[in-house]
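S.K.: Output the structure for:
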Amino acid sequence: MHPFRKLLLISLGRASSFDRTPSEKDWKLLYSMARSQSLQGVLYGGILRLDQGQRPPEPLLGRWKETAGRIAAIHSLHEDHVRELETLLERLHLQGCILKGTALARLYPDPSERICGDIDLWIKGNRSDILRAFREEGHPLRDVLYKEGKADIFPDTELEIHFHPSKMYNPFLNSRLQRVLERWAPFGGETPLTYPDMRFNAVFCMAHMFHHYLEGGLGLRQLMDYYYVLLNLDPSLRKPVMDTLRKLGMKRFTASVMAALRYNFGLEEEFFLCPPDSIHGKKLVEDMIAMGNFGVLDSRNYTYQGESALKRFLRKNRRVFSNLRYYPREVVWAPFSKLSQWVWRRLHGYMQ
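M.R.: This is a model prediction of the structure:
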């Protein structure tokens with residue numbers, strides 16, 4: 001077993017030690033892989049489970065400890081910002097829901113180990129009302145897209161305001177996805193700010209992973225998020241969730257994710273949404289290792305100096321179309337979706 005897989009299992013409490021103590025060279029590679037997958041905090045927790053003799057040598061251990069400390073500090077900062085957002089939404093008479101990393105970290109045994117980048121806030125209501133409310137508050141949204149816009153509220157943390165939690169290229173499947181997520185939305189409680197339940201997360205996170213896999217890159221951090229979603233999903237909801245994912249055209253991708261969860265994290269069959277697809281799952285695992293978190297290692301994502309908008313458009317579509325044979329219902333719509341987004345932004349004056 002590769003030492004990185006072993007360290008993953010140790011960090012999840014599914015193993016207690018390495019079969020062979022990693023060398024200094026091995027540890028440097030493990031740290032590099034942890035960094036590319038944005039799992040330094042979680043894997044540092046695994047290191048603390050090891051006997052002294054199997055831990056990394058100094059100064060790498062000290063460097064890893066410092067990184068884990070910064071991750072924990074950012075998590076604490078995010079929690080403070082969430083409380084500020086609750087006050088803001090109350091003042092604006094809006095209802096919101098925290099999505100993705102800041103919400104999913106709550107599922108981890110130690111939430112402060114999960115790296116969080118920005119804060120994603122889904123707000124109930126139509127786009128124009130939300131834009132007007134933030135503009136009147138003195139925080140006009142920028143980089144507005146179909147799905148989201150950015151709000152400069154915190155000097156140290158990027159905030160994404162979502163009009164829709166996620167999207168798909170295929171307009172028919174996207175319409176179906178929006179209906180599902182709106183029906184399962186966690187709005188309507190006594191507080192202006194909420195968190196999604198596991199039924200919502202099981203569909204939303206799968207759609208989010210699917211989009212990232214096709215668009216820019218999928219890493220093990222998002223897969224680990226889904227690991228904890230499945231551990232917390234009520235067994236009675238597995239079939240309804242899988243039925244929904246099948247109707248959204250994600251049957252093959254879901255089966256691949258189940259295989260990847262079993263391979264990387266040792267997830268048991270009782271938690272699966274469907275039987276794993278080992279063939280496509282192997283490809284998914286290889287792609288995730290090669291891509292890194294959000295495709296940080298994937299040269300197909302690099303923007304080159306002097307690259308025109310047309311070349312960038314073609315490069316991004318070539319990347320998506322590399323999966324045409326596996327996910328044709330979604331991939332074939334990618335250029336039309338991207339082009340319609342560009343036209344929509346031009347018509348609404350969001351191109352800046």
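S.K.: only C-alpha atoms for contact and neighbour calcs from this point on.
M.R.: Will do.
S.K.: Tell me where the model's unsure across the stretch 201-350 of the chain.
M.R.: Counting by pLDDT under 70, the stretch 201-350 of the chain shows low-confidence ranges at 294, 299, 301-305.
S.K.: how does it look with 90?
M.R.: Residues of the stretch 201-350 of the chain meeting the criterion pLDDT under 90: 215-217, 288-322, 338, 341-350.
S.K.: which residues of it fall in strands?
M.R.: Listed from the start of the chain, the stretch 201-350 of the chain has no strands (DSSP state E, counting those that start in this stretch) to report.
S.K.: What segments of it are helices?
M.R.: Counting by DSSP state H, counting those that start in this stretch, the segments of the stretch 201-350 of the chain that form helices are 220-232, 238-247, 251-265, 278-291, 309-321, 328-331, 334-348.
S.K.: Out of those, flag the one nearest His2.
M.R.: helix 251-265 (10.4 Å; C-alpha to C-alpha).
S.K.: That closest one packs against which elements?
M.R.: Under the contact definition 3 or more C-alpha pairs under 8 Å, 6 or more residues apart in numbering; DSSP states H and E, helix 251-265 sits against helix 3-11, helix 220-232, helix 238-247, helix 278-291.
S.K.: ok, and what's touching the shortest one?
M.R.: Right, the one you point to is helix 3-11. Defining contact as C-alpha atoms under 8 Å, 6 or more residues apart in numbering, one finds that helix 3-11 is touched by 15-18, 22, 26, 30, 33, 42-47, 49, 264-266.
S.K.: List buried residues within those.
M.R.: With neighbours counted using 16 or more other C-alpha atoms under 10 Å, the contacts of helix 3-11 contain these buried positions: 15-18, 22, 30, 33, 42-47, 49, 264-266.
S.K.: Mind checking which of the residues you listed are in helices?
M.R.: Restricting these to those inside helices, with DSSP state H as the criterion, leaves 30, 33, 42-47, 264-265.
S.K.: Can you add distance to Ala72 and give those back as TSV?
M.R.: Supplementary listing: those in TSV, determined by distance: C-alpha to C-alpha, whole Å:
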residue	distance to Ala72
Leu30	20
Met33	20
Val42	11
Leu43	13
Tyr44	12
Gly45	12
Gly46	15
Ile47	16
Asn264	24
Phe265	23
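S.K.: Please name whichever of the helices and strands packed on helix 251-265 is nearest to Ser175.
M.R.: With respect to Ser175, and counting by C-alpha to C-alpha, the nearest of the helices and strands packed on helix 251-265 is helix 238-247 at 11.7 Å.
S.K.: For that closest one, which helices and strands make contact with it?
M.R.: Using 3+ C-alpha pairs under 8 Å, 6+ apart: helix 238-247 touches helix 198-215, helix 251-265.
S.K.: Would you mind identifying the next helix or strand past whichever strand or helix holds Arg70?
M.R.: When elements are assigned from DSSP states H and E, Arg70 belongs to helix 60-92. Past helix 60-92, heading to the C-terminal end, the next element that is a helix or strand (DSSP H and E) is strand 96-99.
S.K.: what's that following strand in contact with?
M.R.: Strand 96-99 is contacted by residues 89, 119-124, 165, 186-187, 192-196 when judged by C-alpha under 8 Å, 6+ apart.
S.K.: Would you list the buried entries among the residues you listed?
M.R.: Using 16+ other C-alpha under 10 Å as the burial test, the contacts of strand 96-99 include 89, 119-124, 165, 186-187, 192-196 as buried.
S.K.: got any ranges where the stretch 51-200 of the chain has weak pLDDT?
M.R.: Answering for the stretch 51-200 of the chain: the residues below the bar, that is pLDDT under 90, span 116-117, 188-191.
S.K.: Perfect, I'm done here.
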